[in-house]
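Trainee: Below is the sequence, then the predicted model.
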Amino acid sequence: MYGYKCEYCNGTVRPRMVEREVFKHKKGFVILENVVIGVCDGCGDRYYSAEILHTVHEIATGRRQPERTEAVPVAYAGQTSVPVPA
């Protein structure tokens, strides 16, 4: 499945086992642990198999139960009274 060219820099996408990978889904965040993903050896861009993306979707939509749930700290990155341009 790996060994193909990166669509951004023409590097080679290689398999890499990562301890934790965070996914943003429209229903929330999902963290997969000890998962093999594709990583470009040139630019570092990440590639995911359909199986991984289906797993993320199943967990985010409640069709599959996660092994555990963790709290995620949330904070504002800057001032709360910064005017937004019209």
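Mentor: Nice, thanks for sending it over.

Trainee: Low-confidence stretches in this structure?
Mentor: 79-84, 86 (pLDDT under 70).

Trainee: What are the boundaries of the helices in it?
Mentor: Per DSSP state H, the chain carries helices over the ranges 50-60.

Trainee: Strands of that one, start to end?
Mentor: 13-25, 28-40, 46-47 (DSSP state E).

Trainee: Pairing partners for the last one, with directions?
Mentor: Meaning strand 46-47. Note on strand 46-47: by DSSP bridges, its sheet partners are strand 28-40 (antiparallel).

Trainee: Next, the angle from the partner strand to helix 50-60.
Mentor: Going by axes from the mean of the first three to the mean of the last three CA atoms, to 10 degrees, strand 28-40 is angled at 170 degrees with respect to helix 50-60.

Trainee: For strand 28-40, buried residues please.
Mentor: Buried residues in strand 28-40, counted by 16 or more other CB atoms under 10 Å: 30-32, 35, 37-40. C-beta: built from backbone N, CA, C; applies to glycine.

Trainee: which of those residues lies closest to R20?
Mentor: I31 (5.7 Å; CB to CB).

Trainee: Who does that closest one form a beta bridge with?
Mentor: Per DSSP bridges, residues listed as beta-bridge partners of I31: V22.

Trainee: if we can go back for a sec, mind putting the strands of the chain in TSV, distance to M1 included?
Mentor: Formatted as TSV, these follow (distance: least, CB to CB, whole Å):
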stretch	distance to M1
strand 13-25	8
strand 28-40	8
strand 46-47	9
